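Asks: how would this look folded up:
(chains A and B)
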Amino acid sequence: MSVTRSVAGLLACLWLVPVAVEAQPRIHDWPGRIEVVAAGVRSSGHHLGSATADLLSNQVPRSSPTPLFTANTELRPSVAVDVSVGYRLTRTFTVEGFIARSRPVVETTVTNDLELTVGGSARESLTQYRLGGGVVLDLPAVSFVGGRARPFVVGGAGYLREDSSGGTSSSTGTVYHLGAGIRVHLIERANARILKVLGVKGDVRVHRRDGGFEFEDRRRTFVTASVGLLVVL
Amino acid sequence: MSRRPRIALGIALAALIVAPVEGYLKIGVSDGRTTRVAAWPSQPIRYFVTDRAGGGLSSAELRTAVGRAFDTWQAVPTSKAAFEFVGFTLAAPGAEDGLSTIGFLDRPDLERTLAVTEFLIDEFTGAIVESDIFFNSSVSWSVAPGGDVGRFDLETVAVHEAGHFLGLSHSALGETELRPDGGRRVTAAGTVMFPIAFSPGSIELRALQPDDVAGASDLYPDGDYETRTGTISGRITKDGRGVQGAHVVAFHLQTGALVGNFTLGPTGDYAIAGLQPGLHLVRVEPLDDASIGSFFETEDGIDVDFLVAYATRLSIVPRGGGVRGVDIRVHPK
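Replies: Numbering: from 1, shown residues only, chains lettered A, B, ... in the order given. This is a model prediction of the structure:
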């Protein structure tokens, strides 16, 4: 099952919820509002691949590989800065664009060296960019604190770029995400001319990446958790 | 011009002089002041085959196996090395006649030598004028497609000698074990140019490995080779001083390719060229899997008293560029 199909299925299902139960309309729910979020994002690490440095063994008639050492490589957990801008199309449906930048570390751990009893490790920093868009569906039927706290679900896709330190090499790919979170409006000013809402927004997302620095040509999954400042204009 | 015969140890020649340049150990020549890389000045490289049987093979079988070996090197897409068989000759390899000749010679005195490559090199330009290869008739040879247990595969040895014929020296990408008689038996290799042959019957090293491809491409680059590949360079030190003769290998984490080179001077500096773009892990080991004489003119200054170590920094090799400062500190055994 593809990630895209999963997102579409979930969104279609959730779309029915706000139709069935209308929430109390609030001024920041009105179509046309713009939501800006600046967040800190903690990203889990994930495996990038394993490789064995094989030599040809001196066997007759056919050789089998002689491993010189094995290298396991991971992208370590990191912290990103994420800025997103959403545009509310309906009371429950928002489209958003985002850009995130982080400095994850690639770490390779060496094991089973033919001549070395202890392993080693090597690291290198990357600069990672994620740029993309998605949809956010509010769940007004499940709100708290008098409607000030509202959960939502989110899904989308984006472009992934990873640059080596010094920028001499880069690798690109695609990243998809699906998640859920909550907005909490700390200050609501219905009569304000510009800043209607000041609040916080947090979410947890599951990402699927395809490309970037990757050694086994496989899609990888990682999780992010973010907390940020939210304003509605 | 001077003739520089090579001492045969095991499978092939030992380089008397190595050229201190990036990417692979190459045969070099010195006029006393400057060391130059030895290379053929033009392509294709024309060669003759001696019309003489030996080692259980006819001259026609020798010519076919040698032709396949040269084809293997010629097929490297990033190298412009090319060969042309001119014809059979009655001349034996080793004669200074301006012709590159390949054939059998009966050398029972070299009982552990399979084959030897010799050169005639212009000391002032580094141009290879002539190169001859002889295969020892005292050895029992085979050209069976699948190898013949108990007999050395001539094509395998010819691929190795053809690498020397091009100007490549030995690579240390291999592992050996000590034999009871004090010699060494190769247990594994990651390059055709390892100085000790696999056992009789083995045909595994008919095919070039990434290390060999990098060497041939570095010596005879073709097309956009230099813009498609990259370099890693750095320094190997022990107790704050450079380590000479350390074998440094770059491992491509995605393709699994291993490409090596040496620190060629007392500063411990090294450079590995011809690397495919991507993430590499760099490993260094002492030159203790074959005789130092198989690689260097002299053992003076070569340090083998250190443990295997890895760079603490991963190298993301760019296309057409390099990663510098990949230094490794090693510790005594």
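Asks: C-alpha from now on. contacts and neighbour counts both.
Replies: Fine.
Asks: what ranges do the strands span in chain A?
Replies: A:34-43, A:46-57, A:65-75, A:78-88, A:93-102, A:105-111, A:120-138, A:149-164, A:170-188, A:197-211, A:220-232 (DSSP state E).
Asks: how close does the residue most central in space within chain A sit to A:A225?
Replies: Closest to where the C-alpha atoms of chain A average out (C-alpha atoms, centre = their mean) is A:H207, at 4.8 Å. Distance, A:H207 to A:A225, by C-alpha to C-alpha, to the nearest Å: 11 Å.
Asks: same question, A:G119
Replies: 33 Å.
Asks: same question for B:P318.
Replies: 33 Å.
Asks: between these two, who's got more neighbours?
Replies: More neighbours surround B:P318 than the other of B:P318 and A:A225, with 24 against 19 (other C-alpha atoms under 10 Å in any protein chain shown).
Asks: could you verify my assumption that the more buried one touches B:E226?
Replies: No: using C-alpha atoms under 8 Å, B:P318 is not in contact with B:E226, being 11.3 Å away.
Asks: avg pLDDT for stretch B:43-62?
Replies: Averaging pLDDT along stretch B:43-62 yields 96.
Asks: and chain A, which residues reach chain B?
Replies: A:50-63, A:66, A:71, A:107-108, A:115-116, A:120-124, A:164, A:168-169, A:214-216 (C-alpha under 8 Å from any C-alpha of the partner chain).
Asks: rerun at 6 Å
Replies: Selection of chain A residues close to chain B by C-alpha under 6 Å from any C-alpha of the partner chain yields A:53, A:55-58, A:60-61, A:122-124, A:168-169, A:215.
Asks: top of the residues you listed by neighbour count?
Replies: Neighbour counts for those (other C-alpha under 10 Å) peak at A:N58, which has 26 neighbours.
Asks: which residues of chain B fall in helices?
Replies: Remark: helices assigned in chain B by DSSP state H are B:59-74, B:154-166, B:210-219, B:225-228.
Asks: just the buried positions in the longest one, please.
Replies: Read it as helix B:59-74. B:59, B:62-63, B:65-71, B:73-74 (16 or more other C-alpha atoms under 10 Å in any protein chain shown).
Asks: between those residues, which sits nearest B:E111?
Replies: Of all the buried residues of helix B:59-74, B:L62 has the smallest distance to B:E111: 20.0 Å, by C-alpha to C-alpha.
Asks: for A:S226, see how far away that closest one is.
Replies: B:L62 is 70 Å from A:S226, by C-alpha to C-alpha.
Asks: pull the CA atoms of stretch B:129-148 into PDB?
Replies: The C-alpha trace of stretch B:129-148 is given here as PDB (Å, rounded to 0.1, in the frame of the first residue of the first chain):
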ATOM      1  CA  VAL B 129      59.400   2.500 -24.900                       C
ATOM      2  CA  GLU B 130      59.100  -1.200 -24.600                       C
ATOM      3  CA  SER B 131      57.700  -3.800 -22.200                       C
ATOM      4  CA  ASP B 132      58.100  -7.500 -22.300                       C
ATOM      5  CA  ILE B 133      56.300 -10.100 -20.300                       C
ATOM      6  CA  PHE B 134      57.500 -13.700 -19.800                       C
ATOM      7  CA  PHE B 135      55.500 -16.500 -18.300                       C
ATOM      8  CA  ASN B 136      57.600 -19.100 -16.600                       C
ATOM      9  CA  SER B 137      57.500 -22.400 -18.600                       C
ATOM     10  CA  SER B 138      58.400 -24.300 -15.500                       C
ATOM     11  CA  VAL B 139      55.000 -23.600 -14.200                       C
ATOM     12  CA  SER B 140      52.000 -25.800 -15.200                       C
ATOM     13  CA  TRP B 141      49.500 -23.500 -17.000                       C
ATOM     14  CA  SER B 142      45.900 -23.800 -17.900                       C
ATOM     15  CA  VAL B 143      43.500 -21.900 -20.200                       C
ATOM     16  CA  ALA B 144      40.400 -24.000 -19.300                       C
ATOM     17  CA  PRO B 145      37.400 -21.700 -19.200                       C
ATOM     18  CA  GLY B 146      36.500 -22.700 -15.600                       C
ATOM     19  CA  GLY B 147      40.100 -23.200 -14.400                       C
ATOM     20  CA  ASP B 148      42.000 -26.400 -13.800                       C
END
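Asks: quick one: contacts of that stretch?
Replies: Residues outside stretch B:129-148 that contact it (C-alpha atoms under 6 Å, 6 or more residues apart in numbering or on different chains) are B:54-55, B:93-94, B:98-108, B:114-121, B:151-154, B:201, B:203.
Asks: buried only: go through those residues for me.
Replies: Using 16+ other C-alpha under 10 Å as the burial test, the contacts of stretch B:129-148 include B:54-55, B:93-94, B:99-105, B:107, B:114-121, B:151-154, B:201, B:203 as buried.
Asks: for burial, what's the neighbour tally of B:D109?
Replies: Applying other C-alpha under 10 Å, we find 9 residues neighbouring B:D109.
Asks: give me the phi and psi angles of it.
Replies: Note on B:D109: its backbone torsions stand at phi -70, psi -20 [degrees, to the nearest 10].
Asks: and it, what's its pLDDT?
Replies: For B:D109, pLDDT reads 87.
Asks: next, the buried residues of stretch B:318-333.
Replies: B:318-323, B:326-330.
Asks: try stretch B:249-263
Replies: Here stretch B:249-263 shows B:249-263 as buried, counting by 16+ other C-alpha under 10 Å.
Asks: where do the strands sit along the stretch 201-333 of chain B?
Replies: B:230-238, B:241-242, B:247-252, B:258-262, B:269-275, B:278-285, B:309-310, B:315-317, B:322-323, B:328-330 (DSSP state E, counting those that start in this stretch).
Asks: contact residues of the stretch 51-200 of chain B facing chain A?
Replies: Near chain A, when you scan the stretch 51-200 of chain B using C-alpha under 6 Å from any C-alpha, you find B:187-190, B:198.
Asks: tell me which helix or strand of chain A sits lowest on mean pLDDT?
Replies: Least confident helix or strand, chain A: helix A:3-20 with a mean of 39, by mean pLDDT, DSSP states H and E.
Asks: chain B too?
Replies: strand B:7-9 (a mean of 28).
Asks: list the beta-bridge partners for residue 178.
Replies: Reading this off chain A. A:G155, A:V206 (DSSP bridges).
Asks: try chain B instead
Replies: B:R184.
Asks: what about it, distance to chain A?
Replies: From B:L178 over to chain A the distance is 14 Å, taken as C-alpha to the nearest C-alpha, to the nearest Å.
Asks: nearest spatial neighbour of the closest residue to chain A within the stretch 201-333 of chain B, skipping sequence neighbours?
Replies: In the stretch 201-333 of chain B, the residue that lies nearest chain A is B:T312 (4.0 Å; C-alpha to the nearest C-alpha). Using C-alpha to C-alpha, 6 or more residues apart in numbering or on different chains and skipping residues adjacent in sequence, the residue nearest B:T312 is A:A122, 4.0 Å away.
Asks: that neighbour contacts A:T108, correct?
Replies: Yes: between A:A122 and A:T108 there is a contact under C-alpha atoms under 6 Å: 5.2 Å.
Asks: so where's the chain uncertain?
Replies: No chain was given, so I picked chain A. Where chain A drops to pLDDT under 70, the residues are A:1-29.
Asks: that's the wrong chain, I meant chain B
Replies: For chain B, the stretches flagged by pLDDT under 70 are B:1-24.
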